[in-house]
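Peer 1: quick one: sequence and predicted model below, then my questions.
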Amino acid sequence: MANIKELADSHLATALAEERGRSAELVAHDGPLRQTVIALRNGTRMAEHNSPPAASLQVLKGRVRVDLDEESQGEFGEGELWILTHERHSVLALEDSVFLLTTVTSQQGQDSRS
């Protein structure tokens, strides 16, 4: 089993040392369920991307902002859990941050909204 606190510390250290200011690791994968630890250095943005059928973001350290185009969906700090929009969005680290991204993707031949 993964120790999320240890992974968060390790990935944040890596993100701080990386030129791109980020580090990530898939820590759970079970059918359509995926959980990924993502660390971003202060000011680093995950570019706009499509959202899977279901996703949540839980901030483990720091503070992040989820943006939809030019608008902010919200700012989230340590311990907060947010259900992500189904629209294209980006994530900006407002501080050195780590979050757990949980996604549920549809499996081939299935629609996860059923």
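Peer 2: Structure's in. What do you need? Quick caveat, the model's predicted, so the values are computed rather than measured. Numbers count the residues shown, from 1 in each chain.

Peer 1: residue 102 and residue 33 touch, don't they?
Peer 2: Yes - if you go by C-beta atoms under 8 Å, residue 102 and residue 33 touch, sitting 7.4 Å apart. Just so you know, the C-beta spots here come from the backbone N, C-alpha and C atoms, and that holds for glycine as well.

Peer 1: these two: which is more packed in?
Peer 2: Between residue 102 and residue 33, residue 102 has the larger neighbour count (other C-beta atoms under 10 Å), namely 19 against 12.

Peer 1: sticking with the more buried one, tell me its helix or strand.
Peer 2: In the assignment (DSSP states H and E), residue 102 maps to strand 97-104.

Peer 1: helices and strands around that strand, which ones?
Peer 2: helix 4-17, strand 33-40, strand 54-61, strand 63-68 (3 or more C-beta pairs under 8 Å, 6 or more residues apart in numbering; DSSP states H and E).

Peer 1: winner for burial among these?
Peer 2: strand 33-40 (a mean of 21; mean count of other C-beta atoms under 10 Å).

Peer 1: can you tell me the SS state at the residue nearest to residue 45 when sequence neighbours are not counted?
Peer 2: Once flanking residues are discounted, residue 45 sits nearest to residue 92: 4.6 Å by C-beta to C-beta, 6 or more residues apart in numbering. Following DSSP: H, G, I helix; E, B strand; the rest coil, we place residue 92 in the strand state.

Peer 1: okay, now residue 92: neighbour count?
Peer 2: If you count neighbours by other C-beta under 10 Å, residue 92 ends up with 18.

Peer 1: thought it was touching residue 63?
Peer 2: No - assessed by C-beta under 8 Å, residue 92 is found out of contact with residue 63, at 9.7 Å.

Peer 1: what touches both of those two?
Peer 2: Shared contacts of residue 92 and residue 63, defined by C-beta atoms under 8 Å, 6 or more residues apart in numbering, are absent.

Peer 1: so where's the chain shaky on pLDDT?
Peer 2: Along the chain, the model assigns pLDDT under 70 to residues 1, 107-114.

Peer 1: and residue 86, how many residues sit next to it?
Peer 2: Applying other C-beta under 10 Å, we find 13 other residues in the vicinity of residue 86.
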